[in-house]
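Novice: kindly generate the corresponding structure for this input.
(4 chains)
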There are 4 protein chains.
Amino acid sequence: MGIRFLVTGGTFDKEYNELNGELLFQQTHLPEMLTLGRSRVDAKITTLMMIDSLQMTEDHRTLVARACLEAPEDRIVVTHGTDTMVETARVVAQLVPGKTVVLTGAMIPWKFGSSDGLFNLGSALAFAQVLPTGVYLSMNGRWFPWDNVRKNKTKGEFEAISTD
Amino acid sequence: MGIRFLVTGGTFDKEYNELNGELLFQQTHLPEMLTLGRSRVDAKITTLMMIDSLQMTEDHRTLVARACLEAPEDRIVVTHGTDTMVETARVVAQLVPGKTVVLTGAMIPWKFGSSDGLFNLGSALAFAQVLPTGVYLSMNGRWFPWDNVRKNKTKGEFEAISTD
Amino acid sequence: MGIRFLVTGGTFDKEYNELNGELLFQQTHLPEMLTLGRSRVDAKITTLMMIDSLQMTEDHRTLVARACLEAPEDRIVVTHGTDTMVETARVVAQLVPGKTVVLTGAMIPWKFGSSDGLFNLGSALAFAQVLPTGVYLSMNGRWFPWDNVRKNKTKGEFEAISTD
Amino acid sequence: MGIRFLVTGGTFDKEYNELNGELLFQQTHLPEMLTLGRSRVDAKITTLMMIDSLQMTEDHRTLVARACLEAPEDRIVVTHGTDTMVETARVVAQLVPGKTVVLTGAMIPWKFGSSDGLFNLGSALAFAQVLPTGVYLSMNGRWFPWDNVRKNKTKGEFEAISTD
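Specialist: Numbers count the residues shown, from 1 in each chain, chains lettered A, B, ... in the order given. Model (predicted):
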């Protein structure tokens, strides 16, 4: 009863193109990060797309939801850009009943050394193993239900909408 | 209702002494690691000792258990050397009822760059927030109840004793 | 009889802005890099500007040359973007007689972890101490006189124009 | 007319054994360091031994000198532990006329992330290309003739014996 990772790109996987000084996507770094973390969780990785989450359309989000549905696993981690992570979580929540789906990402690309990505990956993988059925975001060491979270773009962190 | 971190040392916090080429302990790196991970969990840190877990006596383990008991928080992460993490977990389990305590550590010192410590810290912090009352180890992206885990010293990883 | 460092920006000093995902300049990282390299060279650092070398005008280059002239030291290292490093070297060569000036930079920002910047800094500092009067580029572990070097933008490296 | 690298081990190449927590030698990291520094110097690497320089006997030092003599190149960089680097330089100076030999090393292992090794490698490679015939140490961004240098073990840096 393993974990499925669905990769969509986002800052998590951005790299620096030294020939033109721009940021780009190549392969996901998820496998090397799991190796570095010495993960022994039974995990499979599927790359769905490699894009900035600002480029994501409703079709892309539906594709993520469908991949959650079709995965044999009931526990799923989605790596995703932070800017529209909440929107994708909403689509997944509408279309994917009966599974535990945790979306996570990074504020700094993993390849840039001081990344929060490895920490977030550790958290998301843990939350995905123990949270009950539902759709969640995991950022800043915390977890949020999909319908009570927003990105605070001034602070660059995620927070609950209401704390009742 | 925050998290209490109790620091005991271990490989997690070892450093390299460039004057004599030996490994040593100085201050814990936990605060900078939480900053790097952009943790926004309400967390307080107490350093209990800074030692290799092979140097730990029964008194040291009792001191860890007492600190768990006396902490105002019900959810606690203990950073610990891997070699005797299981033994300390046993003592904590005997003396600390009614709290969620997660022990974690690292195979490579955080200061040595390719550390599994940041990943483990993310996982342990997540498990400590959601697991029910009990004493657990968190290593290799996984969690184990204190009485069903051992360190496989050949592989350098943790595993369940029985998988029934 | 120390070394003067003149900082102009370039990839060497670029950072990642985690709030908007763009690259930016803040302070130079030269002091921390010299500390990391345990440099004990008598060195002083002057930041002239913090810009991409594609933004450099002839006025900027003249300003660099004037700073070389006015520095009390005879041996100078200029950190610079790679795209127009050769053009600035030409202006310095025209205006600054009687000093040893070495321009260097990086293909990957220092802050992005796998940077060539620390290696180049070590090389440039060495070349500046022992090369005779003249203006040079130091990249890829090599040194080039200012009038026999070009950036190969396809390979992302510097090469001699003629090898006679 | 390239550069020959002779590898002898030293802190430069030490690694951490995560199974027993001790330091050890495996392969030299010189090739990956030159790749990271984007070196385009024509360089060949020979590993002579992989030992701590405190273990070096007079025979080891003679072996280093002989390898300098037998190398087809006239410009040589020797990577070496810092504790007895000066002693090996003396033996090389006695036995190897007519070549430029630069010994260098590191205070922190390259694999431990915050190493001075990459900086020293850049400096040593530069000095080896431009210094006249002779035997030198390159550490702390500086160069020293073999007979006017000592390691200050309190400060962990190299210094001239006399500064006349």
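Novice: in chain A, which spans are strands?
Specialist: With DSSP state E as the criterion, chain A has strands at A:3-9, A:14-17, A:22-25, A:43-51, A:75-79, A:100-104, A:134-139, A:142-145, A:150-152, A:157-159.
Novice: in TSV, list the ones you listed along with mean pLDDT and mean neighbour count.
Specialist: Quick note: C-beta positions are derived from backbone N, CA and C, even for glycine. Below are the strands of chain A laid out as TSV (pLDDT from 0 to 100; neighbours: other C-beta atoms under 10 Å in any protein chain shown):
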stretch	mean pLDDT	mean neighbour count
strand A:3-9	98	24
strand A:14-17	92	20
strand A:22-25	93	14
strand A:43-51	98	15
strand A:75-79	98	27
strand A:100-104	98	27
strand A:134-139	98	25
strand A:142-145	98	20
strand A:150-152	97	14
strand A:157-159	97	19
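Novice: reformat those strands as CSV; add distance to chain D.
Specialist: Shown next, in CSV, are the strands of chain A (distance: least, C-beta to the nearest C-beta, whole Å):
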stretch, distance to chain D
strand A:3-9, 24
strand A:14-17, 14
strand A:22-25, 19
strand A:43-51, 21
strand A:75-79, 25
strand A:100-104, 25
strand A:134-139, 25
strand A:142-145, 28
strand A:150-152, 31
strand A:157-159, 26
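Novice: distance to residue B:110 for those strands - can I get that in JSON lines?
Specialist: Output for these, formatted as JSON lines (distance: least, C-beta to C-beta, whole Å):
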{"stretch": "strand A:3-9", "distance to residue B:110": "24"}
{"stretch": "strand A:14-17", "distance to residue B:110": "24"}
{"stretch": "strand A:22-25", "distance to residue B:110": "27"}
{"stretch": "strand A:43-51", "distance to residue B:110": "23"}
{"stretch": "strand A:75-79", "distance to residue B:110": "23"}
{"stretch": "strand A:100-104", "distance to residue B:110": "21"}
{"stretch": "strand A:134-139", "distance to residue B:110": "21"}
{"stretch": "strand A:142-145", "distance to residue B:110": "22"}
{"stretch": "strand A:150-152", "distance to residue B:110": "28"}
{"stretch": "strand A:157-159", "distance to residue B:110": "23"}
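Novice: and residue D:10, which of those strands is closest to it?
Specialist: Each of those has some distance to residue D:10 by C-beta to C-beta; the shortest is strand A:14-17, at 31.8 Å.
Novice: quick check: pLDDT value at the nearest residue to residue A:56 once chain neighbours are set aside.
Specialist: Leaving out its chain neighbours, the residue that sits closest to residue A:56 by C-beta to C-beta, 6 or more residues apart in numbering or on different chains is residue A:84, at 5.4 Å. Listed pLDDT for residue A:84 reads 97.
Novice: what sits opposite the residue positioned nearest the centre of chain A in the beta ladder?
Specialist: With distances taken as C-alpha atoms, centre = their mean, residue A:79 lies nearest the centre of chain A, 2.4 Å away. As for beta bridges, residue A:79 partners with residue A:7, residue A:104 under DSSP bridges.
Novice: what of residue A:151?
Specialist: Taking DSSP bridges as the rule, residue A:151 bridges to residue A:158.
Novice: roughly how far does it sit from residue C:72?
Specialist: As judged by C-beta to C-beta, to the nearest Å, residue A:151 and residue C:72 stand 51 Å apart.
Novice: distance of the residue nearest to residue A:56 from chain C?
Specialist: Computed as C-beta to the nearest C-beta, to the nearest Å, the residue A:84 to chain C distance reads 13 Å.
Novice: which ones are touching that residue?
Specialist: Residue A:84 is in contact with A:53, A:54, A:56, counting by C-beta atoms under 8 Å, 6 or more residues apart in numbering or on different chains.
Novice: among those residues, which one lies nearest to chain C?
Specialist: residue A:54 (8.7 Å; C-beta to the nearest C-beta).
Novice: got the contact list for that closest one?
Specialist: By C-beta under 8 Å, 6+ apart, the contact set of residue A:54 is A:81, A:83, A:84.
Novice: re the thing from before, out of the strands of chain A, nearest to residue D:68?
Specialist: Here strand A:14-17 is closest among the strands of chain A (C-beta to C-beta), at 39.3 Å.
Novice: once you drop chain neighbours, what's closest to residue A:117?
Specialist: Of all residues not flanking residue A:117 in the chain, residue A:106 sits nearest, at 3.6 Å (C-beta to C-beta, 6+ apart).
Novice: tell me how far the one you found lies from residue A:121.
Specialist: As judged by C-beta to C-beta, residue A:106 and residue A:121 stand 8 Å apart.
Novice: with neighbour numbers in mind, choose between the two.
Specialist: Under the criterion of other C-beta atoms under 10 Å in any protein chain shown, the comparison of residue A:106 against residue A:121 puts residue A:121 first, with 32 against 27.
Novice: burial of the closest residue to the more buried one other than its chain neighbours, as a residue count?
Specialist: The shortest distance from residue A:121 to any residue other than its chain neighbours is 5.7 Å, reached at residue A:33 (C-beta to C-beta, 6+ apart). Close neighbours of residue A:33, defined as other C-beta under 10 Å, add up to 20.
Novice: how about the nearest residue to the one residue in chain A that gets nearest to chain C, chain neighbours excluded?
Specialist: Chain A approaches chain C most closely through residue A:113 (2.7 Å), counting by C-beta to the nearest C-beta. Excluding its sequence neighbours, the residue lying closest to residue A:113 (C-beta to C-beta, 6+ apart) is residue C:113, at 2.7 Å.
Novice: how far away is the one you found from residue A:120?
Specialist: Applying C-beta to C-beta to residue C:113 and residue A:120 gives a distance of 17 Å.
Novice: which residue of these two possesses the greater neighbour count?
Specialist: Between residue C:113 and residue A:120, counted using other C-beta under 10 Å, the more crowded position is residue A:120 (30 against 17).
Novice: which residues of chain A lie near chain B?
Specialist: With C-beta under 8 Å from any C-beta of the partner chain as the criterion, chain A meets chain B at residues A:33-34, A:36-41, A:107, A:114, A:116, A:118-127, A:129-131, A:138-143, A:156-159.
Novice: pull out the buried members of those residues.
Specialist: Buried members of the residues of chain A next to chain B, counted by 16 or more other C-beta atoms under 10 Å in any protein chain shown: A:33-34, A:36-41, A:107, A:116, A:118-127, A:129-131, A:138-143, A:156-159.
Novice: pull up the distance across stretch A:105-121, start to finish.
Specialist: Using C-alpha to C-alpha, to the nearest Å, the end-to-end distance of stretch A:105-121 comes to 8 Å.
Novice: show the average pLDDT along that stretch.
Specialist: Average pLDDT, stretch A:105-121: 91.
Novice: chain C contacts on chain A?
Specialist: Counting by C-beta under 8 Å from any C-beta, chain A sits next to chain C at A:11, A:14, A:16, A:18-19, A:21, A:23, A:52, A:107-109, A:111-114, A:153-154, A:156.
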